[in-house]
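A.B. asks: Below are the sequence and a predicted model for it; my questions follow.
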Amino acid sequence: MDFRFTPEEEAFRQEVKAFLDQEVPPGPARRRFLGEAVSPEDWAAARELSRKLSRKGWLTMAWPKEYGGQGRSVMEQMIMGEELAYRGVGGVDYMGIRMVGPIIIRFGTEEQKRTHLPRIARGEVIWCEGFSEPGSGSDLASLQTQAVADGDYYIINGQKVWTSGAHRADWCFMMARTDPNAPKHRGISFILVDMKTPGLTVRPIINMLKAHEFNEVFFDNVRVPRTNLVGEENRGWYVGAALLDYERSGIEAPATARRILEELVEYARETKRGGRPLAEDPITRHKLARMAVEIEVGRLLAYRVGWMQSRGLAPNIEASIIKLHNSELQQRLANLGMELLGPLGQLVPDSPWAPLHGRFASMYMASVNSTIAAGTSEVQRQIIAQRGLGLPRGA
Ligand SMILES: Cc1cc2nc3c(=O)[nH]c(=O)nc-3n(C[C@H](O)[C@H](O)[C@H](O)COP(=O)(O)OP(=O)(O)OC[C@H]3O[C@@H](n4cnc5c(N)ncnc54)[C@H](O)[C@@H]3O)c2cc1C
């Protein structure tokens, strides 16, 4: 086992860093945690950057050349993702690049590959994920949205909820029930839906940060070509489960955390409490050091999945381990930040006394999301207990 990056990978990281140093203005990253508000200006700037990245072929570099990739290594793609997240760059279609793209490569038809992959690679589209429903979150296989075959089409009726970014999305990958009489995992299909299809409505949900980041999506007799089915009809559960493994195994969380930790370390150096720098306080030092270890563990776990993917292996319990570790890490980091900043940490960005640009209060609130989105910590522990430790299926 070799933990080093190759000289080519190191060189690529330097190239990416140099590019991003020019493109992303210095100063604090704007967007940090899932659920934090993105202003229209920030979104437009981020989309422009995404297009520049696509022109360099960097959004989907590990994909096959015939579908808009460069046939480069998964590790290079991860290095790219790590550097973007470190700088807090949003606006990149990560649901297309990291989730549905690999799924279409693995399970899609040739037509689906030729239609969708190049558009994701060019940064032209934004995808959203229509999985959760009002009565189906952790027990996702109980979902009730129905897709009924009608000639060359499915007619979809039902409701999705917590659909992140649906208001900005061009396409949605979703799961719907195509056989209501089959056992719940066996009657589901994985379908791609154009968000402009008549009968599809998006309604905002405002989160506790007062941000519009997720939505309800209603399907009222939405007609979708049957050619948009990915994988076999009624076997979509397995396609969706594979997608969740990609969703849970990203490098972004530890990269974002590393940047935030660096800011906290700087704050500890510059801030005096009780007449001496916070950085000399043994408890503060230990807590910062412990966080550095946790972040490094998260990073190595993520790169392990990159290594697996580069050998054609698909992550499974490894994805749940990463998701569990990195989401709880985000919460511990936000807690540590609030602890170090003290009462001033509650100040909002426009306050002149707000330390670290007044972002900790919103990061702290947004961190609550992290152990719920993409499957709760309890669900990840169940998966690890059952598939990793071989324990019997839980209640
Ligand atoms: C910020 C954010 C973004 C999201 N984005 C999307 C998105 O884009 N698309 C999408 O489809 N969904 C999205 N979700 C929804 C997310 O996937 C669900 O919220 C999540 O799966 C939990 O489902 P639930 O909210 O219905 O909670 P429930 O399933 O009702 O769970 C409630 C509580 O019960 C616990 N619990 C449930 N079952 C078990 C069990 N068997 N064993 C132990 N404990 C259990 C859970 O851990 C949780 O603590 C998002 C959620 C958040 C917070």
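C.D. replies: Noted; the coordinates are in hand. Numbering: from 1, shown residues only.
A.B. asks: which strands and helices sit next to the strand of greatest length in the chain?
C.D. replies: The longest strand of the chain (DSSP state E) is strand 212-225. In terms of contacts (3 or more CB pairs under 8 Å, 6 or more residues apart in numbering; DSSP states H and E), strand 212-225 is packed against strand 153-161, strand 188-194, strand 200-206. Placement of C-beta: from N, CA and C, glycine included.
A.B. asks: Which of these sits closest to the ligand?
C.D. replies: Ranking these by proximity to the ligand (CB to the nearest ligand atom) places strand 153-161 first, at 6.2 Å.
A.B. asks: Now do that closest one against strand 188-194: the angle between them, please.
C.D. replies: Angle, strand 153-161 to strand 188-194, by axes from the mean of the first three to the mean of the last three CA atoms, to 10 degrees: 90 degrees.
A.B. asks: Could you pull up the mean pLDDT of strand 153-161?
C.D. replies: The average of the pLDDT scores along strand 153-161 is 98.
A.B. asks: follow-up on the earlier one: tabulate the helices and strands packed on strand 212-225 (CSV), appending distance to residue 7.
C.D. replies: Shown next, in CSV, are the helices and strands packed on strand 212-225 (distance: least, CB to CB, whole Å):
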stretch, distance to residue 7
strand 153-161, 46
strand 188-194, 40
strand 200-206, 47
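A.B. asks: Please identify the most buried of these.
C.D. replies: strand 188-194 (a mean of 24; mean count of other CB atoms under 10 Å).
A.B. asks: tell me the mean pLDDT over that one?
C.D. replies: Rounded mean pLDDT across strand 188-194 is 98.
A.B. asks: Stretch 304-316 now?
C.D. replies: Per-residue pLDDT over stretch 304-316 has a mean of 90.
A.B. asks: Could you do stretch 102-120 as well?
C.D. replies: pLDDT averaged over stretch 102-120 gives 97.
A.B. asks: Need the CA coordinates for it. CSV is fine.
C.D. replies: Extracted C-alpha coordinates of stretch 102-120, given in CSV (Å, rounded to 0.1, in the frame of the first residue of the first chain):
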residue,chain,number,x,y,z
PRO,A,102,-21.3,7.6,-12.4
ILE,A,103,-24.7,5.8,-12.1
ILE,A,104,-25.5,6.5,-15.8
ILE,A,105,-22.0,5.2,-16.7
ARG,A,106,-22.6,2.0,-14.7
PHE,A,107,-26.3,1.3,-15.4
GLY,A,108,-27.4,3.6,-18.2
THR,A,109,-28.2,2.9,-21.9
GLU,A,110,-25.9,4.1,-24.6
GLU,A,111,-28.5,6.7,-25.5
GLN,A,112,-28.6,8.0,-21.9
LYS,A,113,-24.8,8.1,-21.8
ARG,A,114,-24.6,10.1,-25.0
THR,A,115,-27.4,12.5,-24.0
HIS,A,116,-26.6,13.2,-20.4
LEU,A,117,-23.0,12.8,-19.7
PRO,A,118,-21.5,15.4,-22.1
ARG,A,119,-24.0,18.0,-20.8
ILE,A,120,-22.9,17.3,-17.2
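A.B. asks: what's the burial count for the residue in the stretch 1-150 of the chain that the ligand sits nearest to?
C.D. replies: Closest residue of the stretch 1-150 of the chain to the ligand, CB to the nearest ligand atom: residue 137 (1.9 Å). Neighbours of residue 137 under the rule other CB atoms under 10 Å: 17.
A.B. asks: cool, residue 372 as well?
C.D. replies: Residue 372 has 17 nearby residues by other CB under 10 Å.
A.B. asks: likewise residue 390?
C.D. replies: 7.
A.B. asks: Can you tell me the SS state at it?
C.D. replies: Under DSSP: H, G, I helix; E, B strand; the rest coil, residue 390 falls in the coil class.
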